[in-house]
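Peer 1: structure here, sequence nowhere to be found:
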Ligand SMILES: NC(=O)c1ccc[n+]([C@@H]2O[C@H](COP(=O)([O-])OP(=O)(O)OC[C@H]3O[C@@H](n4cnc5c(N)ncnc54)[C@H](OP(=O)(O)O)[C@@H]3O)[C@@H](O)[C@H]2O)c1
């Protein structure tokens, strides 16, 4: 079954639409989820008109035209009733330093950084939150001003022009991966056995985050063996409690996670080597790819009876956390999910 939000396969029990919880068959939702559901059902909130008080955030990438973040974030800003806008700029790496300084000088609320800027941004920000220090990569910047008592806080447009300012770097990607695995696929990460395909940027962060979350065993497979070996060394050094093996497992796994780019094109082969691993050995399969909504891997996994989900949740949760860092308010998740789905899948 394919759901409009890109989730494919069986919804885990208790997350079926119309499922009931609690007494009398009534489903009791926390208030924030009630508001979220309401916001998802009303027509799109209209953005406040741009005026001299409008504040800005933006994503910098190279290229950036494919980015779904402006659609998702502007829908959220309108739903929150903020007189803010979220823009996108194509910034070459050689200009990243100037582009960050420019946004800071204009008192932007903050920035998102996408490929290829995340590592470089970690060297350019004035300070890093723990979330960015751990991964050495920054995908979110909040601009801050310092008050008379020396405290840093979100940049205020009313702060005196001479107030010191700084850029504080965060990383919301790693948490988004595990949140998607928990919420979209209901995988219990502590003690899990995972087969991870891919040791590029996203694969490395996923492996380290899974180990940090208490995964018991990781099997690593990557086309370039040296990258998988380097990642295995890093994992063993930083998370000795997690057992790491190179190659495919002989037995079952709780999760197969595809972090390769195989599947982006319809004629791509499966990322699992033929005969090396039967998809029926995996309870759940997550593909970081979200376009197409159902890759050949997810289709085959669904046919093999696995729970499946695509990478849309990762994109959603990293954006939701960035918005919360900027606004200090809970992100309107349902509104963001709907805007993302409409932008990516056109429905
Ligand atoms: N949902 C989201 O929000 C989100 C976020 C980030 C990334 N992603 C997706 O995750 C995937 C990886 O992204 P990334 O940033 O990690 O990219 P990356 O750093 O370029 O890594 C690409 C990975 O794919 C492997 N690969 C590429 N072509 C291959 C081929 N023909 N055969 C076998 N393996 C191949 C690479 O293996 P080698 O090491 O041998 O080159 C590497 O492991 C992409 O599909 C991307 O779209 C999704």
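Peer 2: Perfect, I can see it now. Note that the coordinates shown come from a computational prediction; the quantities given were computed from them, not determined experimentally. Numbers count the residues shown, from 1 in each chain.
Peer 1: check contacts around the spatially closest residue to residue 127 that is not a sequence neighbour.
Peer 2: Spatial nearest neighbour of residue 127, chain neighbours left out: residue 168 (5.1 Å); criterion: Cβ to Cβ, 6 or more residues apart in numbering. Bear in mind the C-beta positions are built from the backbone N, C-alpha and C, glycine included. Contacts for residue 168 (Cβ atoms under 8 Å, 6 or more residues apart in numbering) come out as 125-129, 141-144, 152.
Peer 1: list the contacts of stretch 319-332.
Peer 2: By Cβ under 8 Å, 6+ apart, the surrounding residues in contact with stretch 319-332 are 32, 35-36, 39, 57, 69, 72-73, 76-77, 79-80, 82, 109-110, 112, 139-140, 142, 154, 170, 172, 175-176, 333, 336, 340.
Peer 1: swap the cut-off to 6 Å and go again
Peer 2: Contact with stretch 319-332 is made by 32, 39, 69, 72, 76, 79, 109-110, 112, 140, 142, 170, 172, 333, 336, as judged by Cβ atoms under 6 Å, 6 or more residues apart in numbering.
Peer 1: so for it, mean pLDDT?
Peer 2: This predicted structure assigns stretch 319-332 an average pLDDT of 98.
Peer 1: just the buried residues of that stretch, please?
Peer 2: 319-323, 325-327, 331-332 (16 or more other Cβ atoms under 10 Å).
Peer 1: surely the residue nearest to residue 127 is in a helix?
Peer 2: No: applying DSSP: H, G, I helix; E, B strand; the rest coil, one finds residue 168 to be strand, outside a helix.
Peer 1: roughly how far apart are it and the ligand?
Peer 2: 22 Å (Cβ to the nearest ligand atom, to the nearest Å).
Peer 1: when you give positions from now on, start the count at 14
Peer 2: Happy to do that; since the first residue is 14 now, the last one works out to residue 181.
Peer 1: what pairs with that residue across the strands?
Peer 2: residue 140, residue 155 (DSSP bridges).
Peer 1: what's near enough to touch residue 205?
Peer 2: By Cβ under 6 Å, 6+ apart, residue 205 lies in contact with 228, 267-268.
Peer 1: just to revisit the earlier point, the buried residues of stretch 332-345 also near the ligand: which ones?
Peer 2: When Cβ under 6 Å from any ligand atom is taken as the criterion, no member of the buried residues of stretch 332-345 contacts the ligand.
Peer 1: need the max-distance pair from these.
Peer 2: 338 and 345 (15.1 Å; Cβ to Cβ).
Peer 1: C-terminal to the helix or strand of the chain with the lowest mean pLDDT, what's the next element?
Peer 2: Within the chain, no helix or strand scores below helix 44-54, which has a mean of 54 by mean pLDDT, DSSP states H and E. The helix or strand immediately downstream of helix 44-54 is strand 68-74, counting by DSSP states H and E.
Peer 1: what is that following strand packed up against?
Peer 2: Contacts defined by 3 or more Cβ pairs under 6 Å, 6 or more residues apart in numbering; DSSP states H and E place strand 68-74 against strand 97-103, strand 123-126.
Peer 1: quick one: strands adjacent to that strand?
Peer 2: strand 97-103 (parallel), strand 123-126 (parallel).
Peer 1: tell me what angle whichever helix or strand comes after it forms with strand 97-103.
Peer 2: Scanning forward in sequence from strand 68-74 by DSSP H and E, the next helix or strand is helix 82-92. Relative orientation of helix 82-92 and strand 97-103, computed by axes from the mean of the first three to the mean of the last three Cα atoms, to 10 degrees: 170 degrees.
Peer 1: distance between helix 82-92 and the chain's centre?
Peer 2: Its chain's average C-alpha position is 16 Å from that of helix 82-92, according to Cα atoms, centre = their mean, to the nearest Å.
Peer 1: and the ligand, is that helix touching that?
Peer 2: No: figure legend: helix 82-92 not in contact with the ligand (Cβ under 6 Å from any ligand atom); closest approach 10.2 Å.
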